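> structure for the following, please:
(one chain, ligands or ions: 2)
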Amino acid sequence: MTKDDCIFCQIASGHIQATVLYQDDDVVAFEDLHPQAPVHFLVIPKKHIATLDDVTADDSDLLGKMLFAATEVAREKGIGATGYRQVINCRASGGQVVFHLHLHIMGGRDMGAMG
Ligand code: AMP
Ligand code: ZN
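Ligands and ions are numbered 1, 2, ... in the order given. Presented below is the predicted three-dimensional model:
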């Protein structure tokens, strides 16, 4: 399932250029256009899922694949040992701007405590 008006669907299909770090049949990892940390990349499912609130039990494996791809790329980027933050913003109150599910991975500096 893809949406013509969805920027991340177009990145997943190769119609919009991005700096792709990893991809397989199910997920794509690419550099965030406006990095908030020295390392900041996104992992998306190739399938269009608008928000984390839209996932179903059928998406459990896909969510696991997103997490695993993120950890693999984080290791390749050299931040596995020092650590990093993973964030999924969900809908308006979560600060979501692009409505295609995406996992942020940010590191390369001290991200600080959340509380
Ligand atoms: P969110 O606020 O969680 O929806 O985050 C959306 C993220 O997508 C932001 O960090 C943007 O910098 C990033 N972004 C938007 N357009 C692109 C693009 N074409 N390529 C890479 N990252 C993008
Ligand atoms: Zn999409």
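
> regarding the chain, what is its longest helix?
The longest helix of the chain (DSSP state H) is helix 60-76.

> what comes up buried for whichever helix or strand comes after that helix?
On the C-terminal side of helix 60-76, the nearest following helix or strand under DSSP states H and E is strand 84-87. Using 16 or more other Cβ atoms under 10 Å as the burial criterion, the residues of strand 84-87 that qualify are Tyr84. Where C-beta positions appear, they are placed from N, C-alpha and C, glycine not excepted.

> what does stretch 16-29 give?
By neighbour count with 16+ other Cβ under 10 Å, stretch 16-29 contains the buried residues 18, 21, 23, 27-29.

> just flag the most distant two among those.
The widest separation within the buried residues of stretch 16-29, taken as Cβ to Cβ, falls between Ala18 and Val27 and amounts to 13.3 Å.

> ok, Val43 - contacts?
27-29, 66, 69-70, 73, 102-103, 105 (Cβ atoms under 8 Å, 6 or more residues apart in numbering).

> in the protein, where is pLDDT below threshold?
Per-residue confidence for the chain (pLDDT under 70) gives these ranges: 1.

> just the strands in the chain please.
With DSSP state E applied, the chain shows strands at 20-23, 27-31, 39-45, 84-87, 103-107, listed in chain order.

> identify the bridge partners of Val43.
Beta bridges link Val43 to Ala29, Leu103, judged by DSSP bridges.

> okay, it and Asn89: tell me how far apart.
As for Val43, its distance to Asn89 is 13 Å (criterion: Cβ to Cβ, to the nearest Å).
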